[in-house]
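# For reference, the sequence and a predicted model appear below.
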Amino acid sequence: MLYACWIRQMARRYNKEGNAGLGDRRHENPGVKPLLSPQPETELWEALQGPPPNGRL
C-alpha cells in the first residue's frame with residue numbers, strides 16, 4: 001500500500017522528465033536546520049569531551 005504512492009510519483013516523474021526523472025534526488029534535500037548555532041554546538045562538544053561535572057558517569 002505504501003509503495004503505491006511512490007510508484008505513482010515515479011511514473012509521473014518518468015512521464016514528465018524521462019529517464020532523468022528516475023534518478024536519486026536525495027542530494028537536493030538540504031535537511032533540517034540545526035537546533036544549535038555553531039558556538040553552542042562547539043561548547044557542547046567540548047563539554048562532552050571531558051569528565052562529567054559531578055564526577056559520575
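Happy to help now that I have it.

# what does the model give the nearest residue to residue 22 once chain neighbours are set aside for pLDDT?
Nearest non-adjacent residue to residue 22, counting by CB to CB, 6 or more residues apart in numbering: residue 14, 5.9 Å away. The C-beta positions use only the backbone N, C-alpha and C, and glycine is treated the same way. Listed pLDDT for residue 14 reads 94.

# Over to residue 1?
For residue 1, pLDDT reads 61.

# How much space separates residue 44 from residue 9?
38 Å (CB to CB, to the nearest Å).

# Quick check: residue 3 vs residue 17, distance?
Taking CB to CB, one finds residue 3 at 21 Å from residue 17.

# again, but for residue 37
Distance from residue 37 to residue 17, by CB to CB: 38 Å.

# Neighbour count for these two, which is higher?
Shown here are residue 37 and residue 17; by other CB atoms under 10 Å, residue 17 has more neighbours (11 against 8).

# And residue 16, which helix or strand is it part of?
Residue 16 belongs to helix 2-17 when assigned by DSSP states H and E.

# Which is the succeeding secondary structure element to that helix?
Defined by DSSP H and E, the subsequent element after helix 2-17 is helix 38-49.

# would you put the C-alpha positions of that following helix in CSV?
The C-alpha trace of helix 38-49 is given here as CSV (Å, rounded to 0.1, in the frame of the first residue of the first chain):
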residue,chain,number,x,y,z
PRO,A,38,27.9,26.9,15.7
GLN,A,39,29.1,28.4,19.1
PRO,A,40,26.8,26.5,21.4
GLU,A,41,27.4,23.3,19.4
THR,A,42,31.2,23.8,19.9
GLU,A,43,30.7,24.4,23.6
LEU,A,44,28.6,21.3,23.9
TRP,A,45,31.1,19.2,22.0
GLU,A,46,33.9,20.5,24.3
ALA,A,47,31.9,19.7,27.4
LEU,A,48,31.2,16.2,26.2
GLN,A,49,35.0,15.5,25.7
